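> sequence first, then the predicted structure:
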Amino acid sequence: MSDDDERSSIANSWFWSLCCRVLKAGHIPKHAAFIMDGNRRFAKKMQYERQQGHVLGFEKLAETLDWCLHLGIKEVTVYAFSVDNFKRSKEEVEGLMELARQKFSQVLQKREFIMKHGIRVRVLGDHSLLPKDVLEQVARVVTMSRDNNNAFLNVCFAYSSQHEMTEAVKRMATGIEEGLLQPSDITEDLLEQCLYTEDSPPPDLLIRTSGEVRLSDFLLWQSSYSCLSFQDVLWPEFSVWNLFSAILQYQKNYKSISEAKATFLTQRRNNQLEVDRNYLLQNDTSLAHPHELDTKISELEHTREKRQREFLAHLHHKQQTYLESFVH
Ligand code: IPE
Ligand code: IPE
Ligand code: MG
């Protein structure tokens, strides 16, 4: 490192710490999501091989996770590989799977660090679409860290939102077939819990790089009230300043987003109450007086929540057993 480089890196780190402190005086997103887009365009721009673009993309992810941890962002969800990405050339898909093998194996080697910092790594997507050896690594990573709860890294891999919602509906339909659920147990809250993201909170901030201003089937359900930040840089070029600028955008919009989200949640609850009221009025013949309605609604809610809890525990157990069967 030359003297100039060293001076500029010291200046940067001093300035960096100052920026972190200023940002931390405001609201820091608890959960940030990233659509890491633009690896191939970056490779082309730099006249590298396409695979090198993906290699640099994975390196950028490690760097970004460090920044997030430093800033106190406890949960990060990244779009690493979509269901649609399987349609790319065989060579590119195999290149990306090979990178995934290397990265998951590095995660397994960092066991001590992961356990010490209480990091839970989840891999969200349709695991059945993955090559068997990648699935075995996924199973080991997920199982190893499943009891950690200090920080969360969710890797969306073989993921797409419409696929996720369709799977959630299928899970609930199976629950009805198996007699664990009744049709009236299907609520927005339950569907949300049946998504791959389960009880993970929705992202506060969603960043997409590469200048494209679409979601490409990523977290469509979960991002209804996220602050969306579209950045013009290609993913391997993403810098801490881009992250700072997205957080500033989040802070600027914090009040309006929080208010809209609170209103939405109240409305969701009121809508469900309305559905329950109408259901009881039409179906409950034992309802003699309208003033009994509130008690009946509470009873209905109580029994429904109990069934939903048991169903979700059953689902969770089934998924855990499936993954465990790939851990040797
Ligand atoms: C994102 O970069 C990484 C993956 C989809 C795996 P792309 O590969 O989509 O690169 P661009 O967007 O074509 O430049
Ligand atoms: C989205 O990027 C998927 C990931 C970043 C993994 P794509 O490049 O696949 O999406 P489109 O094709 O531009 O919509
Ligand atoms: Mg792309």
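The structure has been received and is ready for your questions. Ligands and ions are numbered 1, 2, ... in the order given.
> for the protein, just list every one of the strands.
All strands of the chain, identified by DSSP state E, fall at 31-35, 75-82, 119-124, 151-159, 205-208, 227-230.
> right, and the ones you listed - which one's nearest ligand 1?
With C-beta to the nearest ligand atom as the criterion, ligand 1 lies closest to strand 75-82 of the strands of the chain, at 5.3 Å. Where C-beta positions appear, they are placed from N, C-alpha and C, glycine not excepted.
> name whatever forms a beta bridge with the residue nearest to the spatial centre of the chain.
Closest residue to the average C-alpha location of the chain: Thr77 at 4.1 Å, with C-alpha atoms, centre = their mean. Going by DSSP bridges, Thr77 is paired in beta bridges with Ala33, Asn154.
> want to throw the strands of the chain into JSON lines with distance to ligand 1?
Shown next, in JSON lines, are the strands of the chain (distance: least, C-beta to the nearest ligand atom, whole Å):
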{"stretch": "strand 31-35", "distance to ligand 1": "8"}
{"stretch": "strand 75-82", "distance to ligand 1": "5"}
{"stretch": "strand 119-124", "distance to ligand 1": "15"}
{"stretch": "strand 151-159", "distance to ligand 1": "10"}
{"stretch": "strand 205-208", "distance to ligand 1": "10"}
{"stretch": "strand 227-230", "distance to ligand 1": "13"}
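> with distance to Asp66 and mean pLDDT added, can I get those in JSON lines?
Below are the strands of the chain laid out as JSON lines (distance: least, C-beta to C-beta, whole Å; pLDDT from 0 to 100):
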{"stretch": "strand 31-35", "distance to Asp66": "13", "mean pLDDT": "99"}
{"stretch": "strand 75-82", "distance to Asp66": "11", "mean pLDDT": "98"}
{"stretch": "strand 119-124", "distance to Asp66": "12", "mean pLDDT": "98"}
{"stretch": "strand 151-159", "distance to Asp66": "12", "mean pLDDT": "98"}
{"stretch": "strand 205-208", "distance to Asp66": "16", "mean pLDDT": "98"}
{"stretch": "strand 227-230", "distance to Asp66": "19", "mean pLDDT": "98"}
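> quick one, which of those strands is nearest to Ala43?
With C-beta to C-beta as the measure, strand 75-82 is the member of the strands of the chain nearest Ala43 (16.7 Å).
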